[in-house]
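Trainee: Sequence plus predicted model, see below.
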Amino acid sequence: MLPFIEIFGGRVYFYPLILGIIWGLSYRLFNSFVEKKRIYFPRVKFFFICLFLVSWFFSKVSFYLSSFGQVTSNLIFETSFWLGGGLVFYGGFIGAALFFYLYVKYYKLEFTQFSFVPIILSFGHALGRFGCFLAGCCYGDHCDLPWAVYLHGDSRHPVQLYESLGLFLLSGILYRLYKNNKSSFIIWTYILSYAVLRFALEFFRGDELRGK
């Protein structure tokens, strides 16, 4: 666990830094796919700012709802709740998917043009889980294997890295499908593959606040 480093007397926290890198890379990758395929997509910067805010809101509220009873009831009104840790991926995913759907429908675009989005999503998610590993959240259960990491007073499964590696692999598979003109398989391959990966890894989770 390495949540921060000290530089010139100040602290640089890795998790928000990695989140910033993820959104920056995602923006660049999205633009790259759009320009290469000559897809019309209006106001990309505005779209990404709104997408970030919506996904952040949904992931935070989902964390609050899923942790209700384990956190203080007025936590949702505190600034520390919104700026601190505690994000639920599926909550953010649902919010982002809903916003993307409405945005595409409003501008009357074709959904089939954006089959590359799950590639970017899985790649960014993989980097995000590495950020979880550095922050020490979403940690694993007790582990006696040689690659166990010592975290929160116990030797644990590096479950964040398991998920990160799985997502990197998934992004590669999705990119191969995209290059082979099998775009119709991408979204369902992503949804089903990640669901299976997440289900399997839940058996190795030890973070009680975020569910085992």
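Mentor: Nice, thanks for sending it over.

Trainee: Would you mind identifying the next helix or strand past the helix or strand of the chain with the lowest mean pLDDT?
Mentor: Using mean pLDDT, DSSP states H and E, helix 79-83 stands out as the lowest-scoring helix or strand of the chain, at a mean of 59. Counting by DSSP states H and E, the next helix or strand C-terminal to helix 79-83 is helix 89-106.

Trainee: Next, the buried residues of that next one.
Mentor: Neighbour counts over helix 89-106 (16 or more other C-beta atoms under 10 Å) mark 89, 91-96, 99-100, 103-104 as buried. Just so you know, the C-beta spots here come from the backbone N, C-alpha and C atoms, and that holds for glycine as well.

Trainee: Check which helices and strands it sits against.
Mentor: Applying 3 or more C-beta pairs under 8 Å, 6 or more residues apart in numbering; DSSP states H and E, we find helix 89-106 packed against helix 44-66, helix 117-135.

Trainee: Pick the most buried one from those.
Mentor: Each of the helices and strands packed on helix 89-106 was assessed for mean neighbour count using mean count of other C-beta atoms under 10 Å. The highest is helix 117-135, with a mean of 21.

Trainee: Can I get that helix as CSV, trimmed to CA atoms?
Mentor: This file holds the C-alpha atoms of helix 117-135, laid out as CSV (Å, rounded to 0.1, in the frame of the first residue of the first chain):
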residue,chain,number,x,y,z
VAL,A,117,-16.3,2.5,-25.8
PRO,A,118,-16.0,-0.8,-23.8
ILE,A,119,-12.3,-1.0,-24.9
ILE,A,120,-11.6,2.3,-23.3
LEU,A,121,-13.8,1.5,-20.3
SER,A,122,-12.1,-1.7,-19.4
PHE,A,123,-8.6,-0.2,-19.9
GLY,A,124,-9.4,2.7,-17.7
HIS,A,125,-11.0,0.4,-15.1
ALA,A,126,-7.8,-1.7,-15.0
LEU,A,127,-5.8,1.4,-14.2
GLY,A,128,-8.3,2.3,-11.5
ARG,A,129,-8.0,-1.0,-9.7
PHE,A,130,-4.2,-0.5,-9.6
GLY,A,131,-5.0,2.8,-7.9
CYS,A,132,-7.2,0.9,-5.4
PHE,A,133,-4.2,-1.3,-4.7
LEU,A,134,-2.0,1.7,-3.9
ALA,A,135,-4.7,3.3,-1.8
